[in-house]
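>>> return atomic coordinates for the entry below.
(chains A and B)
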Amino acid sequence: MRVSRLLLVTLRDDPAEAEIPSHRLLLRAGYIRRVSSGIYAYLPLLWRVLQKVSRIVRDEMDATGALETLLPQLQPADLWQRSGRWAGYTAGEGIMFHLHDRQGRELGLGPTHEEVITALAADLLQSYRQLPVNLYQIQTKFRDEIRPRFGLMRGREFIMKDAYSFHADEDSLRQTYAAMDQAYRRIFARCGLRAVAVEADSGAIGGSASQEFMVTAEAGEDLILTSADGRYAANQERAVSLAPEARPLASVPLAELNTPGLASIEDLCKVHGFDPSQTVKVLLLLARFAEGRPQPLLVCLRGDQQLNEVKLANAVSAAAEPAASGLLEIAPISPEQLQAEGLAPLPFGSLGPQLGDGVLAGARSWHPRFLRLADATASALPLFVCGACRPDTHLVGASWSSLGAQADWTISTVDLRNAQPGDACLHDPEQRLHAARGIEVGHIFQLGRKYSQALEASFTNESGQNEALWMGCYGIGVSRLAQAAVEQHHDGQGICWPVSIAPYEVVVVPANTEDPTQAQLAESLYTTLQEAGVEVLLDDRSERAGVKFKDADLIGIPWRVVVGRGAAAGQIELVERQGSLRQDLAAAELLTVLLPRLEQGRRGLAEQPT
RNA sequence: CGGGAUGUAGCGCAGCUUGGUAGCGCACUUCGUUCGGGACGAAGGGGCCGCAGGUUCGAAUCCUGUCAUCCCGACCA
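Residues are numbered from 1 along each chain as shown, chains lettered A, B, ... in the order given. So this is what the prediction gives:
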């Protein structure tokens, strides 16, 4: 391709709307244009990148025996009602774009495809003989993100590869899950990305085991915690660790402490000389559901620990009354909300675990009893400091039994704390957790039978019995991956694409187009490279050399062939975008020198074939 | 949705405090010189000052409303 015909529009200044390097560079180098918040046009250069990523994804998926398909983006509401996800995905902070057709029927724009594929499986899959089967597609997904961000990183419209596998039993599911794990590692390696697999929360998708693939980069939205020995890696949402030991509280009889104006753990400890690990803090929250009444929560944590909201949401979903389903949100209870419910004000700065359900009596819409949860670090404290449930008063030397646990109320112990960098690991307390930031580019799930049961997708097993299908699902954010690659591979001059996903592999730059010798040699090398199967650009623009070099660096073409002063003597210069290689050589030797290196680059970080 | 910020030419910005009818750099067009790391000179073209009301003889500038975009939080590939 000739650069003069490429519609290459590069910007000299950083666009004000972009914050992180990859977003800035994709805009500056002419890869994307914003059409609306979270909605981008993929310009020709980016489309080539996306196609290359897709090709690698296809290649590896096909190699596992998965079948490519293409499912509708416009999906009927009733499918989602049957799976129980319509309300959660459309009401409140739901992310599904939805609309009515001319008949008044409700439709959603597919944010994911479990419902469609499962309905299809129910139709197509009858016998264990057809199993296992794994279907995948690469298409645009629509999600009305609460906050679109960072260009392609979190768009409202984005390209995703999603795969769904169906199995006769859990063991078969585990095998395909493992095969996907391996395929994903190869995909990211072939794309030239350093990615790490971490244990993950399953989120709204549901199911049991799940694993995320993170491209490590400063701008990543996720915090990942890993052990130095590499045996443990998890998203902080999910990570478990050993909390630091609590400082023991001197054994004193239960006593009240006057604490005017001390409404935070920090102030309380500062004034009275306690350590935060000697205190129990109590959070009052309200869980709202798609179905069922709001549930007040009383959550206890050791004073030095932080609440993990994902763990809390999972615990609440598991423990909520049967009538409640589709957890929408959990938020702190405010004095205004209490008033709206017709309830008396509560002493928020000095709450204790012993706060009785009586304070909820007469609530207009809420469940009249607290769901009481305590983190294990709080439950394990023999003696602690906590609020007395009266303004400006705390208790010293409290214990769970002295407060009346088991008698007037019970509290469930669950893991609710955030694991922190520096915490000891469970698998080996000598190992500490280290933090890194990551961009989630892939996520694989063992779904189990959640969707197949809801949508009645069953098959006949070997003994003639009908059984619900076992399912797995496996996603890769293709457009996000492209931007993640830029985030991981750039420098002060621009993008440094890995060869395997670069829009073009080589750019031939005649330093001076006016010089016929240079122009002719450049043309001839351009042809030679094309004939050798190389994806090559010829920068035939009548720009000065500096402009062409700057643009080549900015758009990140991995190899540059400069045809300059040495052209008359048949000498050219070969420059690698990333790294330091820069060598003069005879034009006739170009293929001999370049092709082996290109071939290596095309494999990305994947192992050499043996 | 809560908190913060910004909307002036394709991009980056100034002008707004103190109202007088819009400017700079880059990009674009033409000509000339230049030609290995974003050249120089000359001459041009391009603006509903986000939008709508209001105040005023007069509004980019003051007031009110509204829309859009970005950042921090909840969501996720």
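
>>> in chain A, what secondary structure element scores lowest on mean pLDDT?
Least confident element among the helices and strands of chain A, by mean pLDDT, DSSP states H and E: strand A:325-332 (a mean of 81).

>>> now what about it, what contacts it?
With contact meaning CB atoms under 8 Å, 6 or more residues apart in numbering, strand A:325-332 is reached by A:84-85, A:87-88, A:91-93, A:283-292, A:297, A:309, A:312-313, A:316-317, A:320. Where you see a C-beta, it was placed from the backbone N, CA and C, and this is true even at glycine.

>>> now swap in stretch A:444-458 and tell me
By CB under 8 Å, 6+ apart, the list of residues contacting stretch A:444-458 from outside reads A:79, A:82-84, A:114-115, A:118-119, A:121-122, A:125, A:166, A:170, A:173-174, A:177, A:180-181, A:184, A:202, A:205-211, A:213, A:466-475.

>>> before we move on, back to that, and RNA strand B, is the least confident helix or strand of chain A touching that?
Yes: remark: strand A:325-332 sits within contact range of RNA strand B at residue A:329, by CB under 7 Å from any atom of the strand.

>>> for the helix or strand just after that strand, what is the average pLDDT?
As assigned by DSSP states H and E, the chain's next helix or strand after strand A:325-332 is helix A:335-340. Mean per-residue pLDDT for helix A:335-340: 85.

>>> is RNA strand B within reach of helix A:335-340?
No: Helix A:335-340 lies out of reach of RNA strand B by CB under 7 Å from any atom of the strand, never closer than 12.3 Å.

>>> give me the sheet partners of the least confident helix or strand of chain A and which way each runs.
strand A:280-291 (antiparallel) (DSSP bridges).

>>> next one: the partner strand to chain centre, how far?
25 Å (CA atoms, centre = their mean, to the nearest Å).

>>> got the buried residues for that strand?
A:280-290 (16 or more other CB atoms under 10 Å).

>>> let me see the mean pLDDT of it.
On average, the pLDDT along strand A:280-291 is 88.

>>> return the residues of the stretch 1-150 of chain A in contact with RNA strand B.
Residues of the stretch 1-150 of chain A lying near RNA strand B (CB under 7 Å from any atom of the strand): A:10-17, A:19, A:28, A:34, A:36-38, A:93, A:95, A:112, A:143, A:145-150.

>>> make a ChimeraX selection of whichever of these turn out to be buried.
Here is the ChimeraX command that picks out the buried ones among these, judged by 16+ other CB under 10 Å:
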select /A:28,34,38,95,112,143,145,148,149,150
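
>>> can you list the domains in chain A?
Listed domain ranges for chain A are A:3-240+A:435-487, A:255-414, A:504-602 (source: automatic domain parsing).

>>> thinking again about what came up before, dump the buried residues of strand A:280-291 to JSON lines, plus distance to RNA strand B.
Output for the buried residues of strand A:280-291, formatted as JSON lines (distance: CB to the nearest atom of the strand, whole Å):
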{"residue": "A:280", "distance to RNA strand B": "23"}
{"residue": "A:281", "distance to RNA strand B": "19"}
{"residue": "A:282", "distance to RNA strand B": "20"}
{"residue": "A:283", "distance to RNA strand B": "14"}
{"residue": "A:284", "distance to RNA strand B": "17"}
{"residue": "A:285", "distance to RNA strand B": "12"}
{"residue": "A:286", "distance to RNA strand B": "13"}
{"residue": "A:287", "distance to RNA strand B": "12"}
{"residue": "A:288", "distance to RNA strand B": "11"}
{"residue": "A:289", "distance to RNA strand B": "14"}
{"residue": "A:290", "distance to RNA strand B": "13"}
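
>>> verify the stated contact: residue A:525 with residue A:587.
Yes: shown here, residue A:525 and residue A:587 form a contact pair, counting by CB atoms under 8 Å, at 6.2 Å.

>>> just the C-alphas of stretch A:132-144, formatted as CSV.
This file holds the C-alpha atoms of stretch A:132-144, laid out as CSV (Å, rounded to 0.1, in the frame of the first residue of the first chain):
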residue,chain,number,x,y,z
PRO,A,132,-18.9,-31.8,23.7
VAL,A,133,-19.2,-28.9,21.3
ASN,A,134,-17.8,-25.4,21.5
LEU,A,135,-19.2,-22.6,19.4
TYR,A,136,-17.6,-19.2,19.1
GLN,A,137,-18.1,-15.9,17.2
ILE,A,138,-16.3,-12.6,16.7
GLN,A,139,-18.7,-9.7,16.6
THR,A,140,-19.7,-6.4,18.0
LYS,A,141,-21.1,-6.3,21.5
PHE,A,142,-23.2,-3.5,23.0
ARG,A,143,-23.1,-2.5,26.6
ASP,A,144,-24.4,0.7,28.0
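
>>> how near is the residue most central in space within chain A to residue A:196?
The residue lying closest to the centre of chain A (CA atoms, centre = their mean) is residue A:440, at 3.5 Å. According to CB to CB, to the nearest Å, residue A:440 stands 11 Å off from residue A:196.

>>> for residue A:474, see how far away the spatially closest residue to residue A:227 that is not a sequence neighbour is.
With sequence-adjacent residues excluded and distances taken as CB to CB, 6 or more residues apart in numbering, residue A:227 is closest to residue A:431, at 4.3 Å. Per CB to CB, residue A:431 is found 30 Å from residue A:474.

>>> and if you look at residue A:381?
From residue A:381 to residue A:474 the distance is 42 Å (CB to CB).

>>> with neighbour numbers in mind, choose between those two.
Remark: of residue A:381 and residue A:474, residue A:474 carries more neighbours, 27 against 23, as counted by other CB atoms under 10 Å.

>>> how about the more buried one, secondary structure?
Judged by DSSP: H, G, I helix; E, B strand; the rest coil, the three-state class of residue A:474 is strand.

>>> try the one 10 residues further on
When the structure is reduced to helix, strand and coil (three-state DSSP), residue A:484 reads as helix.

>>> give me the neighbour count for it.
28.

>>> surely it is in contact with residue A:193?
Yes: using CB under 8 Å, residue A:484 is in contact with residue A:193, at 6.8 Å.

>>> which residues are common contacts for these two?
Joint contacts of residue A:484 and residue A:193 (CB under 8 Å, 6+ apart) are A:215, A:441.

>>> looking at chain A, which residue is nearest RNA strand B?
residue A:564 (1.7 Å; CB to the nearest atom of the strand).

>>> now do the contacts for the nearest residue to that residue once chain neighbours are set aside.
Leaving aside its chain neighbours, residue A:564 sits nearest to residue A:511 (3.7 Å; criterion: CB to CB, 6+ apart). Contact analysis of residue A:511 by CB under 8 Å, 6+ apart lists A:518, A:545, A:548, A:562-565.

>>> for residue A:511, grab phi and psi.
phi -60, psi -40 (degrees, to the nearest 10).

>>> equivalent analysis for the one 10 residues further on, please.
Per-residue torsions, residue A:521: phi -70, psi -40 (degrees, to the nearest 10).

>>> against residue A:201, how distant is it?
58 Å.

>>> neighbour count: these two, which is higher?
Applying other CB under 10 Å to residue A:521 and residue A:201 shows that residue A:521 carries more neighbours, namely 23 against 20.

>>> what's that one in contact with, if anything?
A:510, A:563, A:567, A:570, A:572, A:587.

>>> state the pair within those that is farthest apart.
Maximum pairwise distance in the contacts of residue A:521, criterion CB to CB, is 14.1 Å, between A:510 and A:570.

>>> quick check, residue A:298 in contact with residue A:282.
Yes: in this structure residue A:298 lies within contact range of residue A:282 using CB under 8 Å: 6.3 Å.

>>> so, low pLDDT: which residues of chain A?
Across chain A, the ranges flagged by pLDDT under 70 are A:92, A:203-207, A:608-610.

>>> which strand in it runs the most residues?
Taking DSSP state E as the criterion, chain A has its longest strand at strand A:433-448.

>>> return the alpha-carbon coordinates of whichever helix or strand comes after that strand using PDB.
Per DSSP H and E, the first helix or strand lying C-terminal to strand A:433-448 is helix A:450-454. Extracted in PDB, the C-alpha atoms of helix A:450-454 (Å, rounded to 0.1, in the frame of the first residue of the first chain):
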ATOM      1  CA  LYS A 450     -27.200 -22.200  35.500                       C
ATOM      2  CA  TYR A 451     -28.300 -21.300  32.000                       C
ATOM      3  CA  SER A 452     -29.200 -24.700  30.700                       C
ATOM      4  CA  GLN A 453     -31.500 -25.300  33.600                       C
ATOM      5  CA  ALA A 454     -33.100 -21.800  33.300                       C
END
